[in-house]
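> need a 3D model of the following:
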Amino acid sequence: MYSETGQRYWGRFGAAGLVAVDPHRGILLQHRAEWSHHGGTWGIPGGALHEGELPAVGALREAAEEAGVPAGAVVPLFMSVLELGFWRYTTLVARVVHPFDPVIADAESLELRWVPIDDVDELPLHHGFAGAWPELRSALAVRPVVIVDAANVVGSVPDGWWRDRAGAAERLLAKVHAFALAGSRAAVSSVPTAASEATSGAPSQASRSATSVGVPAADLGLAGDRWFPEFAVVVEGAARDARCPASSESVKNSAVSVVRATASGDDAIVDEARRRVALGESVTVATSDRALGERAVAVGASVRGVGWLRDLVGYGVRR
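Residues are numbered from 1 along each chain as shown. Below you'll find the predicted structure:
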């Protein structure tokens with residue numbers, strides 16, 4: 001693919017790469033072979049997307065092919081997109097949850113190295129990565145969380161929740177949990193092909209989730225394209241004992257936590273928002289309770305209505 005100025009961009013359908021962030025070792029960089037495009041420079045594992053391939057899938061596939069990044073070794077933090085109109089490059093930034101040693105798996109690499117974040121600028125970087133790195137680095141410090149007013153969300157859907165408040169809260173937790181896990185490679189890679197969807201007559205729920213995986217950055221007041229925030233769901237009263245779905249994958253690396261209010265649910269939400277803001281996290285409270293929203297803003301959080309949360313995770317959608 002060539003621009004009007006004759007500059008070459010690899011990938012007819014765009015390209016994607018992975019910034020794997022290890023909290024102890026830094027980020028994984030690839031020393032590119034001399035014969036490759038911009039050979040001799042340092043960048044991230046990545047390459048051209050296949051036709052119809054989701055960028056997150058392509059980034060993980062390329063990282064596995066070029067650097068031996070194991071499936072399930074990382075969980076996504078955010079995606080950043082360079083959009084040129086005729087071509088785009090998607091950077092998937094992900095946290096390492098299962099430490100691994102990279103392996104040179106093809107001829108495109110001279111070396112693979114974990115580089116401390118403060119040392120990245122000392123290397124001769126690929127020009128594309130060099131241009132993106134300052135913004136990516138600043139975003140690494142951002143930790144978004146969405147605090148969910150479960151009672152307000154559940155109460156906005158007239159499905160008989162008042163007969164079983166705990167059950168209704170568990171249905172909400174299941175939706176939030178499924179949405180959070182949709183950012184993992186396993187969930188995204190399980191999306192049916194277009195051919196299989198044509199046979200069934202409509203896209204599956206998994207397909208719809210994967211194509212809109214993550215939360216739009218603008219919804220959280222953040223830079224970038226999409227983020228994968230943590231969710232803290234506050235339950236109260238008769239719903240206080242609602243259980244969150246668990247799996248072997250999510251027990252250790254869960255992006256969903258349950259806050260069980262011992263008294264007022266509103267007070268618990270404000271306390272959680274205040275605590276998270278003090279930790280330096282970017283906090284969004286999902287509620288349509290005006291008074292609660294004002295209290296959340298007062299402690300440094302932003303607010304989104306429950307309709308936003310319902311649409312995001314598909315709560316209240318009839319199958």
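
> I'd assumed residue 284 was in contact with residue 144.
Yes - in terms of Cβ atoms under 8 Å, residue 144 counts as a neighbour of residue 284; the distance is 7.0 Å. Glycine gets a C-beta too; all of them are placed from N, C-alpha and C.

> ok now the longest helix seen in the chain, how far from the chain's centre?
If you go by DSSP state H, the chain has its longest helix at helix 165-181. Taking Cα atoms, centre = their mean, to the nearest Å, one finds the center of helix 165-181 at 18 Å from the center of the full chain.

> ok, stretch 136-145 next?
For stretch 136-145 - counting by Cα atoms, centre = their mean - the centre lies 12 Å from the chain centre.

> what about that stretch, average pLDDT?
Averaging pLDDT along stretch 136-145 gives 95.

> related to what we said a few turns ago, of residue 144 and residue 284, who's got more company?
residue 284 (26 against 22; other Cβ atoms under 10 Å).

> the helix or strand that that one is a member of to helix 165-181, inter-axis angle?
For residue 284, the element it lies in under DSSP states H and E is strand 282-286. With axes from the mean of the first three to the mean of the last three Cα atoms, to 10 degrees applied, the angle from strand 282-286 to helix 165-181 works out at 140 degrees.

> packing partners of strand 282-286?
Judged by 3 or more Cβ pairs under 8 Å, 6 or more residues apart in numbering; DSSP states H and E, strand 282-286 is in contact with strand 144-149, helix 265-278, helix 290-298, strand 302-304, helix 306-313.

> quick one: secondary structure of the residue nearest to residue 69 when sequence neighbours are not counted?
Residue nearest to residue 69 in three dimensions, not counting chain neighbours: residue 63, with 4.0 Å by Cβ to Cβ, 6 or more residues apart in numbering. In three-state terms, and counting by DSSP: H, G, I helix; E, B strand; the rest coil, residue 63 is helix.

> ok, now residue 104?
Going by three-state DSSP: residue 104 is coil.

> I'd assumed residue 45 was in contact with it.
No - using Cβ under 8 Å, residue 104 makes no contact with residue 45, being 10.5 Å away.

> intersection of neighbour lists for those two?
67, 112 (Cβ atoms under 8 Å, 6 or more residues apart in numbering).

> please enumerate the helices of the stretch 1-150 of the chain.
Using DSSP state H, counting those that start in this stretch, the helices of the stretch 1-150 of the chain run over 55-67, 127-139, 150-155.

> tabulate the CA atom coordinates of the second one in PDB.
Going back to what we said before, that points to helix 127-139. Provided in PDB are the C-alpha atoms of helix 127-139 (Å, rounded to 0.1, in the frame of the first residue of the first chain):
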ATOM      1  CA  HIS A 127      10.000   5.900  13.000                       C
ATOM      2  CA  GLY A 128       6.400   4.900  13.400                       C
ATOM      3  CA  PHE A 129       6.800   3.600  16.900                       C
ATOM      4  CA  ALA A 130       9.000   6.600  17.800                       C
ATOM      5  CA  GLY A 131       6.100   8.900  16.800                       C
ATOM      6  CA  ALA A 132       3.600   7.000  18.800                       C
ATOM      7  CA  TRP A 133       5.700   6.200  21.900                       C
ATOM      8  CA  PRO A 134       5.300   9.500  23.800                       C
ATOM      9  CA  GLU A 135       1.500   9.200  23.800                       C
ATOM     10  CA  LEU A 136       1.600   5.500  24.500                       C
ATOM     11  CA  ARG A 137       3.900   6.000  27.400                       C
ATOM     12  CA  SER A 138       1.800   8.600  29.000                       C
ATOM     13  CA  ALA A 139      -1.300   6.400  28.700                       C
END
